[in-house]
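>>> The following block contains a protein sequence and its predicted model.
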Amino acid sequence: MKHVLATAIVGGAILTLGTIAADAASLVSAKKLEVNIDETKADAERTALWAKIGGWCAISEWHPAITKCEASKDGDVEFRTLTLKDGGVIKEKLLETGTTSYKYEIIESPLPVKNYTAMFSVTPDDDNLDEINVLWSATFDANGKEDKDARGVIDGIFKAGMESIKGKYAGSEKGEDKK
């Protein structure tokens with residue numbers, strides 16, 4: 001992977017990323033990281049990046065707010081329990097998995113959201129064959145805070161995660177700055 005081209009936050013509009021059902025919630029947050037790659041190795045580079053960041057508990061390796069992730073199962077249903085640096089705990093349920101994606105929902109959380117469903121994925125870029133995209137998006141309702149404050153919390157979580165991925169995994173093989 002050569003370098004990161006751009007990042008963008010998308011908020012306040014209904015998105016159709018993956019299979020997120022935006023009609024059930026009133027708010028949307030999303031973050032996209034575009035990673036420049038060797039076009040001739042696009043599939044291999046996408047798979048390699050997913051191997052580093054896409055495991056169900058890999059989030060504890062790259063998100064700066066998470067100190068521990070514990071995976072568990074109840075029958076065929078998979079969960080993860082995230083322990084935050086401030087001591088908070090978030091329990092999430094895995095809803096769907098793809099080759100380089102997963103969809104999940106929050107079951108328990110100190111975050112000011114409810115009806116939270118999210119998708120995390122690494123996908124080819126439709127516009128540029130020499131890019132892959134890391135996408136993280138969610139639909140949710142505010143819970144105990146104003147909509148803009150709840151969205152700000154989720155946007156901040158996504159931004160911190162994408163910046164960490166950019167810094168740890170989207171650097172150049174030739175020693176260029178990780179921009």
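The structure has been received and is ready for your questions.
>>> contact partners of the helix or strand harbouring Lys91?
In the assignment (DSSP states H and E), Lys91 maps to strand 89-98. Strand 89-98 is contacted by residues 19, 56, 77-84, 102-111, 117, 121 when judged by CB atoms under 8 Å, 6 or more residues apart in numbering. For every residue, glycine as well, the C-beta is placed using N, CA and C.
>>> can you pull out the helices in this protein?
Taking DSSP state H as the criterion, the chain carries its helices at 42-53, 59-62, 147-169.
>>> Which one of those helices lies nearest to Asp125?
The closest of the helices of the chain to Asp125 is helix 42-53. By CB to CB, the value is 8.9 Å.
>>> Show me what the closest one is packed up against.
helix 59-62, strand 113-124, strand 131-142, helix 147-169 (3 or more CB pairs under 8 Å, 6 or more residues apart in numbering; DSSP states H and E).
>>> Now with 7 Å, please.
strand 113-124, strand 131-142, helix 147-169 (3 or more CB pairs under 7 Å, 6 or more residues apart in numbering; DSSP states H and E).
>>> The first one pairs with which strands?
Going back to what we said before, that points to strand 113-124. strand 101-108 (antiparallel), strand 131-142 (antiparallel) (DSSP bridges).
>>> now, of the ones you listed, which is deepest in the fold?
Across the strands paired with strand 113-124, the average number of neighbours (mean count of other CB atoms under 10 Å) peaks for strand 131-142, which reaches a mean of 23.
>>> so Gly161 sits right up against Ile66, yeah?
No. The criterion here is CB atoms under 7 Å, and Gly161 misses it with Ile66 at 9.0 Å.
>>> Spatially central residue for the protein, please.
What sits nearest the mean C-alpha location of the chain, by CA atoms, centre = their mean, is Trp136, with 3.4 Å.
>>> Does that residue touch Phe120 like I think?
Yes. Trp136 lies in contact with Phe120 (CB under 7 Å); the separation is 5.0 Å.
>>> thinking again about what came up before, got a markdown table for the strands paired with strand 113-124, with distance to Leu49 too?
Formatted as a markdown table, the strands paired with strand 113-124 follow (distance: least, CB to CB, whole Å):
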| stretch | distance to Leu49 |
| --- | --- |
| strand 101-108 | 12 |
| strand 131-142 | 7 |
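>>> These: which one's closest to Ser26?
Across the strands paired with strand 113-124, Ser26 has its closest neighbour in strand 131-142 (5.3 Å, CB to CB).
>>> Return the distance of that closest one from the chain's centre.
For strand 131-142, the separation from the chain centroid amounts to 6 Å (computed by CA atoms, centre = their mean, to the nearest Å).
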